[in-house]
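J.: just need the structure, nothing else, for what follows:
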Amino acid sequence: LTFTFYNTQHPQTQTTNQRLKGKVESKSQAIITMTSISTTPPNTEGSQHQSPPSPTISKSDYIRTATQNYISRSANILGAPNLTTKGKSIIQAGATIHGDYGARIYIGRYCHLEQGVVMTPSVVPISSDPLLSIDSDRSSLAGGDAPPGENEKALPIIIGSHTQIGSNTRIQSVSIGSCVRIGSNCILSPRSKVHDCCIIEDGTVIPPDLVVPPFSRVRGSPGKIVGTLPECCGGEFVEGCVQDYLHFVNILED
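T.: The predicted model follows:
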């Protein structure tokens, strides 16, 4: 990545759900309701989910790249040459991207990685020989985060455009499509795939090798498909991500 440093300032930032709620409710002809686009599971103990307020950010907290990405100086970009971004994405404080595993990581346009997101490539055997199979410790959470061994390799991670990943979520998927909303405190296990226009609700655990089809709403541990989304949701997600990015930039430049 080529970094260009700017003096920027960003006050408290609304959560993704709060901003998206405002846009949908203010749009007189909106087709998708808040219930269908929220990553928060409905009817949780009779109260509406509220995320804690974001901390105040100083003007020197972000790096602006040549492709207009904004990356927090507190983010951990390990193996930066293996990270490719198409531009206009935001990586918040405390996010960790493991490019140091040797696998390429691709992030599309207008993506948003919130605080504490950890992105780690899946590790598989180099050979199909059963004698060179992955160590059994890979099945555990700690073992799954270990770098590839002598007979192993890391798989690339591909993230589509207009996708948002909530705080403290751990990603080990091989691919996540465009127009995907992933809530906070989720786990997407090794080799899983999420197709376009999906919602992964807060606290969901996607099992290893699970493939989530397009227009799915997923919830629970283990994650199960609990509903479908209308085909028009992609346009709402695109508009939301673009507006969120522009709002973020305007605040920094004020």
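J.: what residue is smack in the middle of the protein?
T.: Ile165 (2.6 Å; C-alpha atoms, centre = their mean).
J.: what is the burial count for the closest residue to it other than its chain neighbours?
T.: Spatially, and ignoring its direct neighbours in sequence, Ile165 is nearest to Ile182 (4.7 Å; C-beta to C-beta, 6 or more residues apart in numbering). C-betas here are computed from N, CA, C, even on glycine. Counted by other C-beta atoms under 10 Å, the residues lying close to Ile182 total 28.
J.: can you give me the helices for the stretch 51-200 of the chain?
T.: 141-144 (DSSP state H, counting those that start in this stretch).
J.: for stretch 151-162, what does the pLDDT average out to?
T.: Here stretch 151-162 scores 95 as its mean pLDDT.
J.: can you give me the buried ones in it?
T.: Neighbour-count burial for stretch 151-162 flags 152-162 (criterion: 16 or more other C-beta atoms under 10 Å).
J.: and of the residues you listed, the nearest to Asp100?
T.: Ala154 (9.4 Å; C-beta to C-beta).
J.: how near is the closest one to Asp145?
T.: 11 Å (C-beta to C-beta, to the nearest Å).
J.: repeat for Lys193
T.: 19 Å.
J.: for Ser175, same thing?
T.: 19 Å.
J.: what of His247?
T.: In terms of C-beta to C-beta, His247 sits 34 Å off from Asp145.
J.: now, among the buried residues of stretch 151-162, which is nearest to Pro213?
T.: For those, the nearest to Pro213 is Gly160 (14.7 Å; C-beta to C-beta).
J.: mind listing what the closest residue to the closest one other than its chain neighbours touches?
T.: Excluding its sequence neighbours, the residue lying closest to Gly160 (C-beta to C-beta, 6+ apart) is Ser178, at 3.2 Å. Under the criterion of C-beta atoms under 8 Å, 6 or more residues apart in numbering, the neighbours of Ser178 are 108, 160-163, 196-197, 234.
J.: CSV for these, including distance to Glu253?
T.: Output for the contacts of Ser178, formatted as CSV (distance: C-beta to C-beta, whole Å):
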residue, distance to Glu253
Gly108, 23
Gly160, 27
Ser161, 23
His162, 22
Thr163, 24
Asp196, 32
Cys197, 31
Gly234, 29
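J.: how about Pro230, secondary structure?
T.: Under DSSP: H, G, I helix; E, B strand; the rest coil, the three-state class of Pro230 is coil.
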